[in-house]
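Colleague: quick one, fold the following:
(chains A and B)
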Protein chains: 2
Amino acid sequence: MDKIRIALAQINTTVGDLDNNTSKIINYVNLARSSGADLIAFPELTITGYPPEDLLFKNQFIEDNIACMNEVVQESKDITVVVGFVDSSPHLYNSAAVAHNGKLIDIYHKQLLPNYGVFDEKRYFSPGNTCPIYVIEGIDLGVNICEDIWHPDGPTCSLQSSGARVIVNISSSPYYAGRLTEREKMLTNRAKENDVFIAYVNLVGGQDELVFDGASMLVDPEGQIIQQGYQFKEDLVISDLEINTSDDRTEKSKNRQSNNVKRFLITEKTNDTKYNLSDQHRSPLDELSEVYSALVTGTRDYVYKTGFDKVLIALSGGIDSSLVTTIATDALGPDNVVVVAMPSRYSSDGSLNDSKELADNLGVEFQVIPIEPPFISSLDVLKPHFKGHKPGLAEENLQSRIRGLLIMALSNKKGWLVLTTGNKSEMAVGYATIYGDMAGGYAVIKDVPKTLVYKLAIHRNTYSNKPTIPLNIIEKPPSAELRPDQKDEDSLPPYEILDPILKSYVEDDRTFAEIVSMGYDQTMVKDIIKLVDRSEYKRRQAPPGIKITPRNFGRDRRMPVANLYKPF
Amino acid sequence: MDKIRIALAQINTTVGDLDNNTSKIINYVNLARSSGADLIAFPELTITGYPPEDLLFKNQFIEDNIACMNEVVQESKDITVVVGFVDSSPHLYNSAAVAHNGKLIDIYHKQLLPNYGVFDEKRYFSPGNTCPIYVIEGIDLGVNICEDIWHPDGPTCSLQSSGARVIVNISSSPYYAGRLTEREKMLTNRAKENDVFIAYVNLVGGQDELVFDGASMLVDPEGQIIQQGYQFKEDLVISDLEINTSDDRTEKSKNRQSNNVKRFLITEKTNDTKYNLSDQHRSPLDELSEVYSALVTGTRDYVYKTGFDKVLIALSGGIDSSLVTTIATDALGPDNVVVVAMPSRYSSDGSLNDSKELADNLGVEFQVIPIEPPFISSLDVLKPHFKGHKPGLAEENLQSRIRGLLIMALSNKKGWLVLTTGNKSEMAVGYATIYGDMAGGYAVIKDVPKTLVYKLAIHRNTYSNKPTIPLNIIEKPPSAELRPDQKDEDSLPPYEILDPILKSYVEDDRTFAEIVSMGYDQTMVKDIIKLVDRSEYKRRQAPPGIKITPRNFGRDRRMPVANLYKPF
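Modeller: Sure thing, here's the model as predicted:
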């Protein structure tokens, strides 16, 4: 039996931060070497960060990224390094550099380029077309990149038929709820189909609307996950693989050297003794912890990576802003979160008290700015223009926009980032005020349906003995408090009914007839679809937020604003 | 010599408006038939409108579009109809239906799918791979779609080698300044290279951030443009082509029937006498008229296609809002434009007078709302929170946001769309207030650099004897009037210097070193690049606006917000 020790470095990079990404890569290379690893693999596009988007059109960016890759190559003494970067000859390729002992051995080009969902890789990259074999410690090994491993008849299959016993896949696979299970199932299948080990390394951390969940893993040829990295934090996952290289398969593969498949001999078998590894398999988080962690990670990384350290939240006393405050506090610490209550004539005393209680529970600074004076003076200057019109939506939005204006003034004055608090159900039906409660830099729960907001709040309360989010906030009926006795359910169906309809329409592209056939009232479904379609203009101007579902409002869903399609 | 009469129907469709698009198509088919045309061609994706974006993921949308295509087929009595739609078997294809006498003769699938710039066609479509020949009036003719004709060795070349004498290309080619010249040059080359006639039909009208300029054309094998449709309005361009089909080429092509190329015999030669056509060649607009027309077209179509009929504009007395008001009035008529002056303590008397004069010149309604009362009361409630800070940006933005709030209140109350007035130079460096002057549904001059704003204003003044835009507005130094004696040039280089640097960085992806080598001061270039990079978060929340340059801020430029790349 031959042995190889593989280290999977799931690191948190930042798009464009070439120098710091490179320093981090070199630190991990040194750590892996001192842990006796024969090979260390980093996530897809490690050097540039993922996704670099249109930075890729800047020649200098590409050149700088290649210079950084060469720096990493220099640091590959006594270890094979597989690191993601952008190769540029003759076209742009999403690439993996394979380096050993200071030499660049080979560059692998990603073959299957995703161009769906949030991905635009065909905008940038040309596909590769060769699957070389790298021989390390006498073991035949293949490298591919993310999407390459998702297709049964893709490059993994070619590598296997060229004799690979281990597939190293470097990925930057964005999170959504349930994605890890899909990924595990796919890797298990791929390992079994091809009778290979799979060493899968995934990016970790947040980047704009995406969160990468890590959970890198080592899967054996029987489809067992034998090691797995943490979710949502950096980790170096080290595994020893034992492979019988004296069997038929290896012989056959050596004979293929005469074929077109390139084979690079990197290291011969050695018999150096290595210290034993402790078991590093970690059990995945439960469903709600996972989503909550994604939201915390996304928030923390967006705030830090955009150069802020402190955030401002308009706390209404409702469940949405309460959950966002809790997430922000878990992400940044209580000293870096300031909440502002902005009561109006329609705000209940309860809301202010509940807000104060939450702020106290979390230990965050609590400020109060009454909106009544600017509301009155705005109505006053508008009076001649509103003559003959009844009070209505304009007056409701005005309150929300005064709050937006005041919190942005505070943001400008103090240099703190405003987090917005709208949920996915609201964003879908347009139950939010553009330039009002939608004003801010990052929309933490933009992709979280209201019913899941409740579940997450209840879940977060289990983190401590005493509920952090006051039960009153969870139990009272949701209200925007923009007119007397207003309740969400005056305008919308109950969220238990609304959310599954929204999921069917927005995420699953179900037709009107299909949704009605699920047992919902025709008129109600029509009204909801109309609301969704008409609110596209608001979503176009919304801040980015964290994707936690298979289809978010963002790069995932590109709808025209001017759109006269009638789906019923 | 054989003759074929071809009609190019450059119509203005609306995305998703399947029924009305179809009715319009049928009307034009009837018009072409009564004009004696043998063939009528419509723009790319005529039935769905272009670009339909993620509507394409809705099965029902695809089915409905196919039903509409079949309706058009029924109406093809005595005429061949080439109409754009989405075919769905077995995948989605960007397609042209070829119909005659109520029968669907064939479906052509677009082969070259653009996935750059504003285009995402590989997100949706599979490429086709056959180039059939359609024989009409005894003449061999080929059909292809937009991008297909841009590449010398693409489908046009295959069609020629199969014997095609006429290429019908159906396009939806978005406008930018100079695009028509590029298109003419390309079509001229393609016609000469292949010794074929090219009948090129292009969409007309606005759709979200794109404007399509029409200017359909008929190019002869010598590369002469023998007919051309209007720019920016619907047109039916009818041409007679005379082709000698008894020559060698035709014989050779017939012999190719044994090859793999499909040949559809649609109509035999006829000798029916047709009335003579008058010359329809129209001279293209000059450079400034063309851009101005694009802005008028984009504004009109966005307003109508999103269901509005009237717009509101915050008129500051500056050149940007004055130009936007003029464009809107030209697009919608003076009865559908309302301007609001919102003077503050820092507004000059001149600004108010200039605004009033412009409104009078245009005949639009002029309203005044003072912002001082809500400004004072907002400052008042913020006072305890601003303690210890000097007045600055927060107070400036506050004024802009009060204007945003007041104009949005008016918009909500009256149901009128707010047009924003920021230019491209401002959008680039972030010299605009998010939720303030950026608040509104459509950003008319978002892609127009400030120096071009001046040129367009001066140009528009030549449309009448007396200047419509008061000369004082054009001549005074630009100012945001948010603090005493503020001038744009206090914060920014003169626009004559700023604009070329912005173009180099934003549109041409020039490096810092390249821009400096053009003769600009290093520190200034650094400052500008930093401003551009730091303002991405604002642009992400900006309303859509009309693309008039090769790269706009929108689908054309997809930059990360969290981005730590240092380009120097």
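Colleague: which other residues reach stretch A:283-293?
Modeller: Stretch A:283-293 has contacts (Cβ atoms under 8 Å, 6 or more residues apart in numbering or on different chains) with A:177, A:180, A:213, A:215, A:228, A:231-232, A:327, A:448, A:452, A:455-456, A:459-460, A:548. Any C-beta I mention is one placed from the backbone N, CA and C, and that applies to glycine too.
Colleague: quick check on these: which are buried?
Modeller: Listed as buried from those are A:177, A:180, A:213, A:215, A:228, A:231-232, A:327, A:448, A:452, A:456, A:459-460, A:548; burial here means 16 or more other Cβ atoms under 10 Å in any protein chain shown.
Colleague: in helices only, show me the residues you listed.
Modeller: A:180, A:327, A:452, A:456, A:459, A:460 (DSSP state H).
Colleague: from those residues, which is closest to residue B:524?
Modeller: Of all those, residue B:524 sits closest to residue A:327, with 41.3 Å by Cβ to Cβ.
Colleague: how about residue A:76: what's its closest non-neighbour residue?
Modeller: residue A:99 (4.2 Å; Cβ to Cβ, 6 or more residues apart in numbering or on different chains).
Colleague: surely that neighbour is in contact with residue A:71?
Modeller: No. Taking Cβ atoms under 8 Å as the definition, residue A:99 is not a contact partner of residue A:71, at 10.5 Å.
Colleague: picking up where we left off before, residue B:421: which of the ones in helices among the buried ones among the contacts of stretch A:283-293 is nearest?
Modeller: The closest of these, once distances to residue B:421 are taken by Cβ to Cβ, is residue A:327, at 37.0 Å.
Colleague: next, count neighbours for residue A:208.
Modeller: 29 (other Cβ atoms under 10 Å in any protein chain shown).
Colleague: what's the distance between residue A:35 and chain B?
Modeller: Distance, residue A:35 to chain B, by Cβ to the nearest Cβ, to the nearest Å: 29 Å.
Colleague: give me every residue that touches that residue.
Modeller: Contact analysis of residue A:35 by Cβ under 8 Å, 6+ apart lists A:5, A:7, A:236, A:238.
Colleague: cool, and residue A:311?
Modeller: Going by Cβ under 8 Å, 6+ apart, residue A:311 touches A:303, A:328, A:332, A:336, A:337, A:338, A:416, A:417, A:418, A:419.
Colleague: which of these has the most neighbours?
Modeller: Of all these, the highest neighbour tally under other Cβ under 10 Å goes to residue A:328, namely 31 neighbours.
Colleague: surely that residue touches residue A:313?
Modeller: Yes. If you go by Cβ under 8 Å, residue A:328 and residue A:313 touch, sitting 6.3 Å apart.
Colleague: now do the shared contacts for the two.
Modeller: With Cβ under 8 Å, 6+ apart as the test, residue A:328 and residue A:313 both reach A:337, A:419.
Colleague: domains in chain A, as residue ranges please.
Modeller: A:2-265, A:287-488+A:535-540 (automatic domain parsing).
Colleague: can you check the pLDDT for residue A:565?
Modeller: Note on residue A:565: pLDDT of 97.
Colleague: now swap in residue A:202 and tell me
Modeller: 98.
Colleague: now it: how far from residue A:286?
Modeller: Distance, residue A:202 to residue A:286, by Cβ to Cβ, to the nearest Å: 19 Å.
Colleague: before we move on, what about residue A:128?
Modeller: 39 Å.
Colleague: which one of the two has more residues nearby?
Modeller: residue A:128 (23 against 10).
Colleague: residue ranges with poor pLDDT in chain A?
Modeller: Within chain A, the segments meeting pLDDT under 70 span A:248, A:250-259, A:271-273, A:275-276, A:278-281.
Colleague: so if I had to pick from residue A:99 and residue A:71, which one is more boxed in?
Modeller: Between residue A:99 and residue A:71, counted using other Cβ under 10 Å, the more crowded position is residue A:99 (24 against 16).
Colleague: who does that one bridge with?
Modeller: Counting by DSSP bridges, residue A:99 forms beta bridges with residue A:81, residue A:104.
Colleague: could you list the buried residues of stretch A:299-316?
Modeller: A:299-306, A:308, A:310-316.
Colleague: near chain B, which residues of the stretch 1-150 of chain A? Just list them.
Modeller: A:14-18, A:20, A:51-55, A:57-61, A:115-116, A:120, A:122-123 (Cβ under 8 Å from any Cβ of the partner chain).
Colleague: hmm, try it at 10 Å
Modeller: Applying Cβ under 10 Å from any Cβ of the partner chain, we find that the stretch 1-150 of chain A lies next to chain B at A:13-21, A:48-61, A:63-65, A:113-117, A:119-124.
Colleague: inside strands: which ones of those?
Modeller: Within the residues of the stretch 1-150 of chain A next to chain B, no residue falls in strands by DSSP state E.
Colleague: buried subset of those?
Modeller: Buried members of the residues of the stretch 1-150 of chain A next to chain B, counted by 16+ other Cβ under 10 Å: A:13-18, A:21, A:48-58, A:60-61, A:64-65, A:113-115, A:117, A:119-124.
Colleague: mind checking if stretch A:542-551 is in reach of chain B?
Modeller: Yes. Using Cβ under 10 Å from any Cβ, stretch A:542-551 reaches chain B at A:542, A:543, A:544, A:551.
Colleague: ramachandran angles for residue A:155?
Modeller: phi -60, psi -30 (degrees, to the nearest 10).
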